[in-house]
Structure formats: C-alpha cells, structure tokens
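Q: Generate a structure from the sequence data that follows.
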Amino acid sequence: MGQTLRDVLRDRRGDDWLIGLSSQDFWQQLATLTPVFAAHGASCFGAGVLIAETDSLQFLVACLAAWAEGCVVVLANPRWGQQERQQITDMVAPEWNAPLASGLGAYPCQVPGTKPGQILIPTGGSSGHIKFAVHTWETLLASVEGFCAHFGVERVNSYCVLPLFHVSGFMQVLRVLASGGQLAIQPYGDLKRGEQLGLPPGGYLSLVPTQLQDLLGLGDEVIHWLRSFRAVLLGGGPAGRSLLDQARAAQIPVALTYGMTETAAQVATLLPKEFLAGHRSSGKPLPHVRITILDDRGRPLPPGEVGRVTVQGRSLALGYLGRGGGEHGLVVGSAHPTVQSATAILATDDMGYFDDLGYLHLVGRSSTKIITGGENVFPEDVEAALLTLDGVRDVCVVGLPCDRWGQQLCALVVMATPARLQDLSGLLNPLVAAYKRPKQWILVSALPRTPQGKLSRPQALALAQRILGIER
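A: Below is the predicted model of the structure:
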C-alpha cells in the first residue's frame, strides 16, 4: 500500500466502490473538480480548502480531489453552530461566500504553518475550543496498514454510518480506498429504520455504543444482520456492561476499540473472538504503534498498575492547529510541525493499565472531558455559550452516567430570573452543535467553589446526582 492518494485514485478510477451512493457520479464529479482544486493548490504555497459539506458524495469528491492535488484540507462539521463557525473563521479564515464550485461546501481558507498535502481533522481541546490534528497521507495510511495487519485482511469492506468529517468515519473511507474494498455509506437514521445496504458479507461496521444499543432493540432480523459482519467496531466512548453482555448473548462479533483523532483512529482493538469468549478490555495494541503506561514521573509501569496511557507510532498527528494545543500532550518539535518525528509521543488523557496477557484496560480520564454518544464535549465550551444568554448568572455542566449515551450532559444554572430556566434549551440550540446540548437542567442558588473561588466540578457533579437521586 505504498502508493500516494493520487496513485490510488488513478488505479481505482471507474471502480464500483460505493454502495448507497453512485460510483459513476463520484468518478464523473472527481474528473470535473480535480482541475479546480489543482488550480487552487497551485495558486499559493499551502493553499487551504475547508470542507463543510452535508452531502456524502460531494464530501468525498471535494475532500479527495483537493487532498490529492496538494491542497491543505480542513475537515469541518457542516452542522456546527454560530459559536463553532466563529472559531473556525478566527483560525483559518474561510471564504464562506466564495465556494470553489457552485453548490459545493468547499471554501478557500488560510492555514498557517502547514505544508501542501496535509489534512486537518477536528478534535476538542482542554480549553473547550475546537482544535485540528494535523495529519498526512502517510500518517493515515500507517493506521490503515496497522488495521489490516491486526485483523489479518488484505481487502476491507466497510459499512459507514458515522460522520465522514470525524476520524472514525474518514478512516473507513481510506481503509476501503487503499485496500481495494467497497464502502457502504448511509445515514444512521435510515439504518435504524431497517433500510440495510448490500455490503458483501465479512465487512466491518463501525458504531458508537448508543447506536449498537438501538440496533439490538430492533429484533431478530437486525441481530442476524449484525452477525454477518467480520467485526462490529465499537468505540467513541465507554460501553455499559449490560450492553456488552447483551451483544455477547446475541453473538454479535463486537470489536472494542481504543483510539482518537491524534492517533488516526484505532491503536488497540479487542478481536471479536476474544469478545465472544468473555474479554472486556480494549484489546491489544495494533502493530503500527507502541503503547506504554507511565506513572506521574514518566516512568513505565508494570502490568496491573494504573497510569497515563501514552502512544508512539507512525500514525500520530504531526501536531495541532488551534488555540492552546490539544487535550493530549503530543510531544513534537514545534507548535505547528511539518515533519513527523520518529520519537513523537502522545500522552493521552486516559488512565489505564495492561494485564499480564498484554490487554489494555482503561479506567477513566484525567481531564474534564465528557463523552456522550461518541462525541467529545468540554463543559467550558457549553458554559461559555450559556453565559451569553440573558438571565444566566453562573453555570456548570457535568456528565452524568447514562447507559444509553455513556454520559449525558447536565447543566446546573444560577439565574437572575428563575422562571426562564425552561427557555434556555431553545435559546442554546443555535449556538452549539446538538451533541453539546444538556439533557438535564437544574436550577440552583449557587455553585460549589473552592476556597480560591474556582468552580469545584466534583462537588457540582455530586450535587447534581443528589438532586436527581442518582446513586454514586
């Protein structure tokens, strides 16, 4: 698989590789738009293209054409609200009113400190602001190769219901393209309604825990369909014990995964046969990475001892673009590096340990990050939006345990006009993405704070659990 993206697109030209979308339309549009992006890429060093496209086919065409022609590609959620779009504008200055082709969500932008052919994939940061992990074809291809080696396959067929601008969706595209497989793309809502596409048996389905829970509740026909996959990759957040027990009882070939945007998705995965035998870890590291558990002084820990999970390997992002860096400690040569270091190390937010057999077990996170339905949410981000609303004096957003979502957002709010608490949800909707909107709202007279006046999130969480009658 040592080809460039341009080589892959040339060699696969005309292939019927898409299911649920028209492969013929893809190749026709690619041929039409490639000269457009080639001209843009040649217009200046590091010419950027921001992709914020809701149509899956147009996303694929715009992203792959721009990337193959040397543009710096910035992936964005087309449903980001005003708050998120302003952050993007501040970072890369997209020309929102001048798309590179009529009706296409691809906009010229300025990406400082990058090199042609780099791709920026959105992630969160400890400050609650959007960041971008800077990847290349080489870093992402290393992840593809590690995936194929771990599962012992040469050709990957994948069924994608996850957002293509996420690393979890985008890596499915690259695994299929690079390995010569087929890709089924479908909105998750259509799948939930029973509209299954005809991917060849033995493929890979990627889900977050909430989606698997939904599908298991749809009856025997869907369960039989789930069993047809080589693996149902499950990641994006913690899965509850009851869900995993239900999946095992139904003989679903679940593969529990661990990875993130900075690592180009999976770096550890539990194989389905291990899951069905009763294992409940994140599996063993993929062959393209080295995972180490370190203590608070940076010393490796023996099996069974909990410490910070660190990752080293060829799939690591080169660095970050965005305010304040990333939530992880990616050790690289500069703030916006353009050369991957062979010794780059990612110190994650995750705490975990290896058992005596080499399986990775995660026990929690060291940051305030909340994971709900597979989406990373930083409470400071939601709090900042809420504090812009009239009547909100103080607010704290916490993550409550939830079997369905992993965690659900709960906002504790101090208001000048208590009667307006019920209006906050509607007022917040246009400001933030849907997954950042609290599902629980609690009116309080004051928020718990430390003697230094800082917000005490552990005490706020305990307060919310006590008010709602949730056992800790």
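
Q: how about the helices of the stretch 51-200 of the chain, start to end?
A: 56-68, 82-92, 137-151, 167-179, 188-192 (DSSP state H, counting those that start in this stretch).

Q: Make a markdown table out of the ones you listed and add mean neighbour count.
A: Bear in mind the C-beta positions are built from the backbone N, C-alpha and C, glycine included. Output for the helices of the stretch 51-200 of the chain, formatted as a markdown table (neighbours: other Cβ atoms under 10 Å):
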| stretch | mean neighbour count |
| --- | --- |
| helix 56-68 | 24 |
| helix 82-92 | 17 |
| helix 137-151 | 21 |
| helix 167-179 | 23 |
| helix 188-192 | 15 |
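
Q: And these: which comes nearest Leu104?
A: helix 56-68 (5.8 Å; Cβ to Cβ).

Q: Extract the CA atoms of that closest one and return them as CSV.
A: What follows is helix 56-68, C-alpha atoms only, in CSV (Å, rounded to 0.1, in the frame of the first residue of the first chain):
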residue,chain,number,x,y,z
SER,A,56,-21.7,12.5,1.4
LEU,A,57,-20.9,12.1,-2.3
GLN,A,58,-19.9,15.7,-2.6
PHE,A,59,-17.8,15.5,0.6
LEU,A,60,-15.9,12.6,-0.8
VAL,A,61,-15.3,14.2,-4.2
ALA,A,62,-14.2,17.6,-2.7
CYS,A,63,-12.0,16.1,0.0
LEU,A,64,-10.2,13.5,-2.1
ALA,A,65,-9.8,15.8,-5.1
ALA,A,66,-8.4,18.7,-3.0
TRP,A,67,-6.1,16.4,-1.0
ALA,A,68,-4.8,14.5,-4.0
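
Q: other SSEs contacting it?
A: In this structure, helix 56-68 makes packing contacts with helix 5-11, helix 23-43, strand 47-51, strand 72-75, judged by 3 or more Cβ pairs under 8 Å, 6 or more residues apart in numbering; DSSP states H and E.

Q: Below-threshold pLDDT in the stretch 1-150 of the chain: ranges please.
A: 1, 124-128 (pLDDT under 70).

Q: The host helix or strand of Ala384 - contacts with which helices or strands?
A: Ala384 belongs to helix 379-386 when assigned by DSSP states H and E. Using 3+ Cβ pairs under 8 Å, 6+ apart as the contact test, the elements touching helix 379-386 are helix 82-92, strand 392-402, strand 406-415, helix 424-428.

Q: Just want the angle from the first one to strand 47-51.
A: Think helix 82-92. 170 degrees (axes from the mean of the first three to the mean of the last three Cα atoms, to 10 degrees).

Q: Could you give the separation of helix 82-92 from the chain centroid?
A: The chain centroid and the centroid of helix 82-92 are separated by 19 Å under Cα atoms, centre = their mean, to the nearest Å.
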